[in-house]
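Trainee: Need a 3D model of the sequence below.
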Amino acid sequence: MKQAVGIMVQRIYIFFYGYPGVRLPGGLCSKPQDKLPNLGQMHFNECIAFLELPLAGQLPELQVLHVKGADAIRDIATSALNSWEKVS
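Mentor: Sure thing, here's the model as predicted:
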């Protein structure tokens, strides 16, 4: 009898609180799916100068994208959200 072997994947969580920049550092913006393939959650709190969101649609394991107090963001491209739904 063969036994199934489970693979445990560790999820990564990133929290930005009060980040002063207008966008993420280049290392996180360029091909994020290669650099952070297990990114499960991204939280942006009080990032008041932040202008753009990373392309969440390029992060295959991303389950939560939380944005609060990022008043400079005026538009989110539909490609950034892929097939996500907005949760109020």
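Trainee: only C-alpha atoms for contact and neighbour calcs from this point on.
Mentor: Fine.
Trainee: hmm, which helix or strand of this structure has the shakiest average pLDDT?
Mentor: helix 78-81 (a mean of 53; mean pLDDT, DSSP states H and E).
Trainee: just the helices in the chain please.
Mentor: Ranges of helices in the chain, per DSSP state H, are 26-29, 32-35, 78-81.
Trainee: which strands and helices sit next to the second one?
Mentor: Helices and strands touching helix 32-35, as assessed by 3 or more CA pairs under 8 Å, 6 or more residues apart in numbering; DSSP states H and E, are absent.
Trainee: What's opposite Y17 in the beta bridge?
Mentor: Here Y17 sits in beta bridges with N45, going by DSSP bridges.
Trainee: Next, count neighbours for it.
Mentor: 14 (other CA atoms under 10 Å).
Trainee: Might one say that it is in contact with I48?
Mentor: No. Using CA atoms under 8 Å, Y17 is not in contact with I48, being 9.8 Å away.
Trainee: need the strands for the chain, in chain order.
Mentor: Counting by DSSP state E, the chain has strands at residues 12-17, 39-45, 64-68.
Trainee: What is the neighbour count of P25?
Mentor: Neighbour count of P25, defined by other CA under 10 Å: 9.
Trainee: okay if I get the strands of the chain as a markdown table plus distance to K31 and mean pLDDT?
Mentor: Output for the strands of the chain, formatted as a markdown table (distance: least, CA to CA, whole Å; pLDDT from 0 to 100):
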| stretch | distance to K31 | mean pLDDT |
| --- | --- | --- |
| strand 12-17 | 16 | 88 |
| strand 39-45 | 13 | 88 |
| strand 64-68 | 18 | 87 |
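Trainee: Go through these and name the closest to P25.
Mentor: Nearest to P25 among the strands of the chain is strand 12-17 (11.8 Å), distances taken as CA to CA.
Trainee: Identify all contacting residues around that closest one.
Mentor: With CA atoms under 8 Å, 6 or more residues apart in numbering as the contact definition, strand 12-17 has outside contacts at L36, N38, L39, G40, Q41, M42, H43, F44, N45, E46, C47.
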